[in-house]
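**Q** Quick one: sequence plus predicted model below, questions after.
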Amino acid sequence: MHIVVCVKQVPDTEAPIRIRPDGTGIEESGLSFVMNYYDEHATEAGLRLREQFGGTVTLVSVGPERAREALRTGLAMGADEAILVTDPQLDRADPVGVARVLAAVIRTLPYDVVLCGKISTDDNAGIVGPALAEYLGVPQATAVARLEVDAAGSRALVHREVEGGVEVLSVPLPAVLTVERSLNEPRYPSLPGIMKAKRTPIRTLTLAEVGLAAPAPRAVLARLESPPARRAGRIVQGDADDAVREIVRFLREQARVL
Amino acid sequence: MGADVWVLVEHSQGSPKRISLELLTCGRDLARATGGRLVAVVPGAGVQPVARAVASRGADVVYAADHPLLEPYTTDGYTTVLADAVREEEPAVLLVGSTAQGRDLAPRLAARLEAGIVTDCTSVAVQDGALVATRPMYTRKAIATVRVDGGGLRIAVVLPAMYPVAPPAERAAEVRPWPVRLEAAAIRTQVQEIRALSRDTVPLVEADVVVSGGRGLRGPENFALLDELARALGGAVGSSRPPVDSGWVPHDYEIGQTGKTVSPQVYIACGISGAPQHLAGMSGSKYIIAINKDPNAPIFQVADLGVVGDLFEIVPKLSQAVRAAKASP
Ligand SMILES: Cc1cc2nc3c(=O)[nH]c(=O)nc-3n(C[C@H](O)[C@H](O)[C@H](O)COP(=O)(O)OP(=O)(O)OC[C@H]3O[C@@H](n4cnc5c(N)ncnc54)[C@H](O)[C@@H]3O)c2cc1C
Ligand SMILES: Nc1ncnc2c1ncn2[C@@H]1O[C@H](COP(=O)(O)O)[C@@H](O)[C@H]1O
């Protein structure tokens, strides 16, 4: 079975971000970047399918040179190959544009399953997976919390987390699946894995090499600002009965839910 | 290109979901700005009751896209029908709720129609012909304003609880059947079953009051205390990540970066320290009340009312007091 995992490099969510004074984006200097959290789960899912069926796990990323590090993380977890599409013209690409680039690359590879994260933690878009499925012309399942592939490797049975329940969906392969964090527990890279990842060459491609023109993004960032600051309010300490009275008064007079 | 604003109506058991009614409120203003009609589109099987229900909620016209293959929701079925409808009528804007269904459908539809799309919107407007939306980014550490320019369809996927539900209007809009052309072969996936997780409270993202518990709850049995308080307040129960990881509560309780985003009128955090990944899912709440025994817990920095104390003492008394307050207003 040939598995492709789409991997994005994102700022570490633990760290604070600094918004550029002109509101055009964030300051990247001093920021640490990691593999998108959900893509660790996607990589893990890919590795488990390979353990079950044999085959290959290929990572594909669209991003600047630094995105290599995210690919190295995936290689160290156990992926076989990695491809980075990097091109200054891609700096402005919106998620739909990224999906188009990924599709152009993945179309040239053998694939039975394409795995993406449910969302990227920087953009929060949740767009790339379904858009990629459309460009590849294959079915999709989003927010997959459980995944089983039949013995023939022809269909996936997935659980999707939907409001108030779980949808059990049968999806013919090849397909694009976007994964939830509850799908699995990503493994840590092993020491031999890390050594091997250092030696594995990462194939890099430019936009022209994947056969695409510069993207014309439809959605553009006009301004980035800090969220309205929340200020600490009143603090109540002491007796539980007093505290309860304060909360009830707050619920009635300020929040107006009583 | 037209100027109409479409709202995709999501429904369950014959009633429109609250998010769809919120979108109609949002769509009303957009239609005023574009000078077009506000159109509610209701796909499904046997959707007449839903169509009639939304007809009095501010739409100018309701399209009932009734077809047996549109129940249950499938990506392929909905994408096919909506793409056809959009190509025929060329609306300017399509509003979709940020739900499991909406997030599955909207990006696929955008790619098929080469439409502009913006997801996770906290507000949507039309300015100088462009769709302008605000949305959280970087785990809510920043708010972005995004413009979607150019012609053709623009799709906005809007978070729940961003717009109020308008009261029913006196005049009901006309309900028109939308001719659905859909063949079984177009739907490649197969929904085998939908397993409902039984919850006797309102859905988390729709709740006006969210009572949320963290590691401070110490065990699954203690979530009953939060259930009781949520029931008294007519709200829903959520959690931080540790209770989910420890298996005390189901996955769909989780609020935060890797869980749900909620924006209730009041969020009551019990035994939650206030890690940035948790704040990412709830700092858009109108009011925050925190109950924590550690006076230095970071949650107090965002709480409108911070109560330093033992939740096991306070929560049961609070439930009782709320019930008493409701009984004698
Ligand atoms: C990539 C990533 C994603 C994450 N995503 C999420 C997410 O989506 N949501 C999320 O919540 N977390 C998430 N986390 C985890 C997050 O970093 C914190 O670990 C988590 O939010 C802590 O949960 P907590 O506040 O319940 O537990 P703790 O931090 O352990 O806090 C427990 C609190 O309970 C208080 N307490 C204890 N006993 C009592 C009592 N009797 N009465 C009153 N107070 C009491 C304590 O004082 C303490 O403040 C994520 C982490 C990572 C790395
Ligand atoms: N630049 C990228 N390169 C590779 N994969 C990506 C990229 N951006 C997004 N993805 C994939 O799409 C998923 C969802 O991203 P998004 O649509 O940006 O929220 C991610 O978890 C990745 O699997």
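**A** Arrived safely, thanks for sending. Ligands and ions are numbered 1, 2, ... in the order given.

**Q** Let me see the contact set for whatever residue of chain B ends up closest to chain A.
**A** Using C-beta to the nearest C-beta, the single residue of chain B nearest to chain A is B:Gly116, 3.3 Å away. (C-beta placed from N, C-alpha, C; glycine too.) Going by C-beta atoms under 8 Å, 6 or more residues apart in numbering or on different chains, B:Gly116 touches A:218-219, B:110, B:131, B:148-150, B:152-155.

**Q** can I get these in JSON lines with distance to A:Glu81 and pLDDT?
**A** Formatted as JSON lines, those follow (distance: C-beta to C-beta, whole Å; pLDDT from 0 to 100):
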{"residue": "A:Arg218", "distance to A:Glu81": "32", "pLDDT": "92"}
{"residue": "A:Ala219", "distance to A:Glu81": "31", "pLDDT": "94"}
{"residue": "B:Ala110", "distance to A:Glu81": "30", "pLDDT": "98"}
{"residue": "B:Leu131", "distance to A:Glu81": "40", "pLDDT": "97"}
{"residue": "B:Val148", "distance to A:Glu81": "36", "pLDDT": "95"}
{"residue": "B:Asp149", "distance to A:Glu81": "38", "pLDDT": "86"}
{"residue": "B:Gly150", "distance to A:Glu81": "37", "pLDDT": "80"}
{"residue": "B:Gly152", "distance to A:Glu81": "37", "pLDDT": "90"}
{"residue": "B:Leu153", "distance to A:Glu81": "38", "pLDDT": "96"}
{"residue": "B:Arg154", "distance to A:Glu81": "38", "pLDDT": "97"}
{"residue": "B:Ile155", "distance to A:Glu81": "35", "pLDDT": "98"}
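
**Q** Can I get the buried part of the residues you listed as one ChimeraX selection?
**A** In ChimeraX syntax, the buried subset of the contacts of B:Gly116 is picked out as below (16 or more other C-beta atoms under 10 Å in any protein chain shown):
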select /A:218,219 /B:110,131,148,149,150,153,154,155
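
**Q** Show only the entries of the contacts of B:Gly116 found in strands.
**A** Among the contacts of B:Gly116, the members found in strands (DSSP state E) are A:219, B:131, B:148, B:154-155.

**Q** Ignoring the adjacent residues along the chain, who's closest to B:Ala166?
**A** Distance criterion C-beta to C-beta, 6 or more residues apart in numbering or on different chains; nearest residue to B:Ala166, sequence neighbours excluded, is B:Thr25 at 5.0 Å.

**Q** Tell me the helices and strands packed up against the strand or helix carrying the one you found.
**A** In this structure, B:Thr25 sits in helix B:18-34 according to DSSP states H and E. When contacts are defined as 3 or more C-beta pairs under 8 Å, 6 or more residues apart in numbering or on different chains; DSSP states H and E, helix B:18-34 packs onto strand B:5-8, strand B:38-44, helix B:48-55, strand B:93-97, strand B:123-127, strand B:154-158.

**Q** Would you agree the residue nearest to B:Ala166 is in contact with B:Tyr163?
**A** Yes. Taking contacts as C-beta atoms under 8 Å, B:Thr25 lies within contact range of B:Tyr163: 4.4 Å.

**Q** can I get the contacts of B:Gly116 in a markdown table with distance to A:Arg155?
**A** Converted to a markdown table, those look like this (distance: C-beta to C-beta, whole Å):
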| residue | distance to A:Arg155 |
| --- | --- |
| A:Arg218 | 34 |
| A:Ala219 | 34 |
| B:Ala110 | 27 |
| B:Leu131 | 39 |
| B:Val148 | 37 |
| B:Asp149 | 41 |
| B:Gly150 | 39 |
| B:Gly152 | 35 |
| B:Leu153 | 33 |
| B:Arg154 | 36 |
| B:Ile155 | 30 |
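
**Q** tell me, which of the contacts of B:Gly116 make contact with ligand 2?
**A** Restricting the contacts of B:Gly116 to those touching ligand 2 (C-beta under 6 Å from any ligand atom) yields no residues.

**Q** which one among the contacts of B:Gly116 gets closest to ligand 1?
**A** Closest approach between the contacts of B:Gly116 and ligand 1, by C-beta to the nearest ligand atom: A:Ala219, at 25.3 Å.
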